[in-house]
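Enquirer: Quick one, structure for this:
(chains A and B)
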Amino acid sequence: MTQTAVVIAPGRGTYNKPELGYLARHHADKTTLFAEFDAYRTNKRQKTVTELDSAERYSGPTHTRGDNASPLIYACAYADFQSIDQKQFDIVGVTGNSMGWYIALACAGALEPIGGLEVVNTMGTLMQEHLIGGQLIYPFVDESWCEIPGRRDEIATAMQEIDARPDHTLGLSIELGGMLVLAGDAAGLDAFENEMPRVQERFPMQLQNHAGFHSALQEPVAELGRAALPQNLFRQPNIPLIDGRGALWSPKSSDLVALWDYTLGHQVVQPYDFTAAIRTASRELMPDVFIILGPGTTLGGATAQALTMSNWRGLGDKASFQSSQSAAVRLLAMGMEDQRRLVV
Amino acid sequence: MDRADIVDQAFRSKLVKGELPGGQPAGGPLSQHGAVAIFRAQCLSRNLDRRSRKMQAVGQGYYTIGSSGHEGMAAVAAALRPDDMAFLHYRDGAFQTMRSSQVPGVTPAWDMLLSFATATEDPISGGRHKVLGSRRMMIPPQTSTIASHLPKAVGAAYSIGLAKRHAPEHMVLADDGLVMCSFGDASSNHSTAQGAINTACWTSFQSVPLPLLFVCEDNGIGISTRTPQGWVAANYSIKPGLKYFFADGLNIFDTYRVAQEAADYVRSRKKPAFLHLGLVRLYGHAGPDLQQTYLSKDIFEGWEADEPLLHSARLLIDAGILTADEVLAIYDQAEAQCARVAAEVVTRPRLQNATDVMASLIPPKRVCTPTNGPSAEARAQVFGSDIKQMDSLQPMSRILNWALTDLMLEHGEIIMMGEDIGLKGGVYGVTQKLATRFGPDRMIDTLLDEQSILGLAIGMAHNGFVPMPEIQFLAYLHNAEDQLRGEAATLSFFSNGQFTNPMVLRIAGLGYQRGFGGHFHNDNSLAVLRDIPGIVVACPSQGDDAAQMLRECVRLAREEQRVVVFVEPIALYPMRDLHAEKDGGWMRSYPSPEKRIGIGKVGVTGDGPLAIISYGNGHYLSQQAAKKLSEQDINTRIIDMRWLVPLPVKGILGALEGVEKVLIVDECRTTGNQSEALMAMLHENTDLPHARIAAEDSFIATGPAYAVTMPSRDSIVGAAKTLWSAS
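Expert: Coordinates of the predicted model:
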């Protein structure tokens, strides 16, 4: 029986060492698509995605650079989307986290595959060239995904207080389930890292090679992006899209000027609310399952947290999510081999 | 078969066969993607209606009055801004689904199905009632079926212009916003609607800004009574100050074009407009309403053949925007979406007990920026020569005037409105000089319509003002009672505390004016106010109390967002003497501005074993009686309730400690007033012997018999002696 599904595209930081060779491993059948992508990159005098994917060894400095990581993740995720068994799954919506929004646009048909690459590549390259600021991640839930009373307020207070200091910039970047991603300059990020209690042995965690995405720091990048990427790249989506505010963009009824403006304006310089995107998807579209595209597996936790925060299908906490997953898998991550098999 | 299913099947089959109704082609400013967006909102609304009936059929849904036939309202929503406050007719599901698409993150199917299921997660009413509404979308919930939301729409629209001059701290409406208010053709006949529209015309006629768009959804019938052909147009196309527009509500292109023209007119000229939409009604009034029992089949089948989704399909297909298959796919997707979401919402928790239901009766508190009050210089300037008299004894009307002056000086968001309150200064002079002190825009002389006075207050409170409307005489409240009972008092309840309309309603009332006015100026029943959940009723009896209680009332409204009624006993306004002529025993000096008497705090005089509980004029007379009783060695303890609703139980019981017997003195009628509540309260809480003396269940006469139906000093003395001497 066909199941309804909402597809989620991942953002930066999802192509790591275990993902090396992802395209070759899973998408040997899509050589034409990758040839097109590679030609685009060659034309830009950039390493091709297949070259990056087939490197002998994973290199942090190379693979995590914005101008490489972005197109690589795009190629993997877009190819994963193509591999979903559409006889088995009726895709009722597509969304994404952060850079995953660009991938979602392509999956939904609002950008041609090469248009999607152009957007991803341009924005990834601009981000890398300017590399304004950085990001860190910090949870406001405990390891059972229960909200720690008062923690959000503490984070907000610290954030505002640091941001108010001379030569410090810090603000919200992404609402990511039970975690917040903050964007800031080095002084702002360091201050937060030094002053907030360390939790779960790794947070606050600064994200390597990430710029201060989704914040006012990116105004120059947004401006260059708008100059480089014309509105006519965008077309009516074939599948409803849910953006980083939780807004739906539906086929035949999307204002394409507004879609371009959001994608290269608001989305770049304002916080991205992945939790709201999942809330809208889970409540308004009420799919049977969510499918997270590869590469990587890191978005699963945040998605599950966002689903429990939305009380989707009665899920209220980590335990109820885990027991629900063991009864009938409702969250399928294509970056996980066993779950991937259920999707393709 | 359910008529909704018949219409559903007809839509599918006519679409496939291409048997679509004729009409004007697509045209005007509506874009192709905009037209599809409207069609999507229409399909969602239609399928929400169908789903509500299916939920009800299996006992999982509780509301079936639908929006089918009125889906053209989606085009009206598209022509407005999502921050234009909208007071909606109950058939405006499509307006809400369309506006939902204009506000990121709103989930209309989920939200509205939760509402049908009365689930506690229903984001507007918390599962209390199926209402259209949303805080994020500036749609205050309406429960009205009788056009009682029109007066407050006038008030909200008026507040936009006023807020430009006096921006309140909690302002929510934009300077360039407009207010939209919709209603059916049948309810346009209601006196409340007529009054509100008249008030809008009266205001606009004087070129006072009023950015208000009335939308009359004319489906030609009110439950079973047909609206005469042409009636709405004839009635509203030639009103002074009101611009009339008509659109074919079945044609989304025409509706959008005309609605945009109307909205532009209202927004740019700040004048009211009347948008008349021609629509049809599908499936009768509500689920259980069998229209075939009062309508011939050809009429409702004619409506079904002319239904708006078929027209939208024709327009979109003929204009080459969508194919028939794409039209059907959008419709099918909406149906499937509603079915999926409905299956989930019915599993969500519902309200279980009285505590849960009542949780939003009292609005939430809000943070107001503290002030240190006006400076001495500012006070001196505003009060002028009055300030020198503040140390001397004064009657209540004077003290109230000063208290109002201080309150208006301190809180710029206080606006007063009423009949003759400005230039004249009130019938009894309580508001004298206030118009000079604060200007006519804060002291509004209204037209003679109590519904409009209260509507003005309610609407202005939606935009952050703290209105202090005045009802000139208690008897005049009754024609406007529903504005308080059905509208102001219910807003927090039905919006789960998200919308509020704090105010202090001043009403001059009660009896004992010496031979003046008869019943209509001496109404002595507060029953109409006593049973309204959530409101506060206060009634002072002496000047210093009045000032301090009024300050507490304003605090309750400003900070706790309460709806407060302040009943001012007319006969005590000028009262100077207590026991003898020229003894000055009832005059008081003006309490300093920071002094308040908290809600529930009663006044106590004496510590005798015979308690007399009263308020207002009854308190005054009881004080007179106490002197006579003490001369006969009966020592009393006079308790002034001050706060009538909620009953100050704790305060009264505290004051009764050591008391042996209790006499209740109620100047209001025996039936339905304070004495009944007090008798019951004493019975439930004490073993003290008690009795009451209350007014007869009569209207008040004019002339020498003006007071004979009410307690007097001597009758109180008599009742007290009887009670005291009883074994």
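Enquirer: from here on, contacts and neighbour counts on C-alpha atoms
Expert: Noted.
Enquirer: so how far is residue A:125 from residue A:118?
Expert: Separation of residue A:118 from residue A:125 (C-alpha to C-alpha, to the nearest Å) stands at 10 Å.
Enquirer: Helices of the stretch 201-350 of chain B, start to end?
Expert: Counting by DSSP state H, counting those that start in this stretch, the stretch 201-350 of chain B has helices at residues B:231-236, B:252-269, B:297-305, B:308-318, B:324-345.
Enquirer: in the longest one, what counts as buried?
Expert: Residues B:324, B:327-328, B:330-335, B:337-342, B:344-345 are the ones in helix B:324-345 that count as buried (16 or more other C-alpha atoms under 10 Å in any protein chain shown).
Enquirer: Contacting chain A as well, which ones from those?
Expert: B:337, B:340-341, B:344 (C-alpha under 8 Å from any C-alpha of the partner chain).
Enquirer: so which two of the residues you listed are the farthest from each other?
Expert: B:337 and B:344 (11.1 Å; C-alpha to C-alpha).
Enquirer: re earlier: I'd like the helices of the stretch 201-350 of chain B written out as JSON lines, with mean pLDDT and distance to residue A:218 added.
Expert: Shown next, in JSON lines, are the helices of the stretch 201-350 of chain B (pLDDT from 0 to 100; distance: least, C-alpha to C-alpha, whole Å):
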{"stretch": "helix B:231-236", "mean pLDDT": "97", "distance to residue A:218": "54"}
{"stretch": "helix B:252-269", "mean pLDDT": "98", "distance to residue A:218": "36"}
{"stretch": "helix B:297-305", "mean pLDDT": "93", "distance to residue A:218": "54"}
{"stretch": "helix B:308-318", "mean pLDDT": "98", "distance to residue A:218": "41"}
{"stretch": "helix B:324-345", "mean pLDDT": "98", "distance to residue A:218": "37"}
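Enquirer: wait, which of those is closest to residue B:388?
Expert: The nearest among these, by C-alpha to C-alpha, is helix B:252-269 at 46.9 Å.
Enquirer: Where does pLDDT dip in the chain?
Expert: Defaulting to chain A. Residues of chain A meeting the criterion pLDDT under 70: none.
Enquirer: The chain in question should be chain B.
Expert: B:144.
Enquirer: residues in it within reach of chain A, list them.
Expert: B:32-37, B:101, B:103-110, B:337, B:340-341, B:344.
Enquirer: make it 10 Å
Expert: In this structure, chain B approaches chain A at residues B:31-40, B:100-111, B:321-322, B:326, B:330, B:333-334, B:336-345, B:347-348, judged by C-alpha under 10 Å from any C-alpha of the partner chain.
Enquirer: Quick check, the residue in the stretch 251-400 of chain B closest to chain A?
Expert: Residue nearest to chain A within the stretch 251-400 of chain B (C-alpha to the nearest C-alpha): residue B:341, separated by 5.8 Å.
Enquirer: so where do the helices sit in the stretch 351-500 of chain B?
Expert: Under DSSP H, counting those that start in this stretch, the stretch 351-500 of chain B gives helices at B:354-358, B:376-383, B:396-410, B:434-438, B:450-462, B:481-482, B:491-494.
Enquirer: Comparing the ones you listed, which comes out most buried?
Expert: helix B:450-462 (a mean of 29; mean count of other C-alpha atoms under 10 Å in any protein chain shown).
Enquirer: re the thing from before, next up, the contacts around the residue of the stretch 251-400 of chain B closest to chain A.
Expert: By C-alpha atoms under 10 Å, 6 or more residues apart in numbering or on different chains, the contact set of residue B:341 is A:282-287, A:313, B:109-111, B:113-114.
Enquirer: who touches the closest residue to residue B:671 other than its chain neighbours in this structure?
Expert: Among residues not flanking residue B:671 along the chain, residue B:697 sits closest, at 6.6 Å (C-alpha to C-alpha, 6 or more residues apart in numbering or on different chains). The neighbourhood of residue B:697, defined by C-alpha under 10 Å, 6+ apart, consists of B:524-525, B:668-672, B:709-710.
Enquirer: Buried subset of these as a ChimeraX selection?
Expert: The following ChimeraX line selects those of the contacts of residue B:697 that are buried, judged by 16+ other C-alpha under 10 Å:
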select /B:524,525,668,669,670,672,709,710
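Enquirer: okay, now the residue of the stretch 451-600 of chain B at minimum distance from chain A: neighbour count?
Expert: Residue nearest to chain A within the stretch 451-600 of chain B (C-alpha to the nearest C-alpha): residue B:496, separated by 19.6 Å. As a burial measure, residue B:496 scores 27 neighbours (other C-alpha atoms under 10 Å in any protein chain shown).
Enquirer: That one is in contact with residue B:131, isn't it?
Expert: No - the criterion here is C-alpha atoms under 10 Å, and residue B:496 misses it with residue B:131 at 11.5 Å.
Enquirer: which residues are common contacts for the two?
Expert: B:122, B:124-125, B:141.
Enquirer: can I get these in a markdown table with distance to residue A:99 and secondary structure?
Expert: Formatted as a markdown table, those follow (distance: C-alpha to C-alpha, whole Å; DSSP: H, G, I helix; E, B strand; the rest coil):
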| residue | distance to residue A:99 | secondary structure |
| --- | --- | --- |
| B:122 | 33 | coil |
| B:124 | 34 | coil |
| B:125 | 37 | coil |
| B:141 | 39 | coil |
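Enquirer: Please pick the buried ones from those residues.
Expert: Counted by 16+ other C-alpha under 10 Å, those give B:122, B:124-125, B:141 as buried.
Enquirer: and residue 330, what does it touch?
Expert: All of this is about chain A. A:5, A:287-291, A:304, A:321, A:324.
Enquirer: Oops, wrong one, chain B.
Expert: With the criterion set at C-alpha under 10 Å, 6+ apart, residue B:330 makes contact with A:251-252, B:36, B:39-40, B:43-44, B:336.
Enquirer: Let's see which of the contacts of residue B:341 end up in helices.
Expert: If you go by DSSP state H, the contacts of residue B:341 have B:109-111, B:113-114 in helices.
Enquirer: Keeping just the C-alphas, turn stretch B:682-698 into CSV.
Expert: The C-alpha trace of stretch B:682-698 is given here as CSV (Å, rounded to 0.1, in the frame of the first residue of the first chain):
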residue,chain,number,x,y,z
LEU,B,682,-24.6,33.3,54.7
HIS,B,683,-26.6,30.1,54.7
GLU,B,684,-23.7,28.2,53.2
ASN,B,685,-21.0,29.7,55.3
THR,B,686,-22.4,30.7,58.7
ASP,B,687,-25.0,29.8,61.3
LEU,B,688,-25.7,33.4,62.0
PRO,B,689,-29.4,34.3,62.1
HIS,B,690,-30.1,36.6,59.2
ALA,B,691,-32.8,38.5,57.4
ARG,B,692,-33.1,40.8,54.5
ILE,B,693,-34.8,44.0,53.4
ALA,B,694,-34.9,44.5,49.7
ALA,B,695,-36.8,46.6,47.2
GLU,B,696,-40.1,45.4,46.0
ASP,B,697,-40.2,43.6,42.6
SER,B,698,-41.6,46.8,41.1
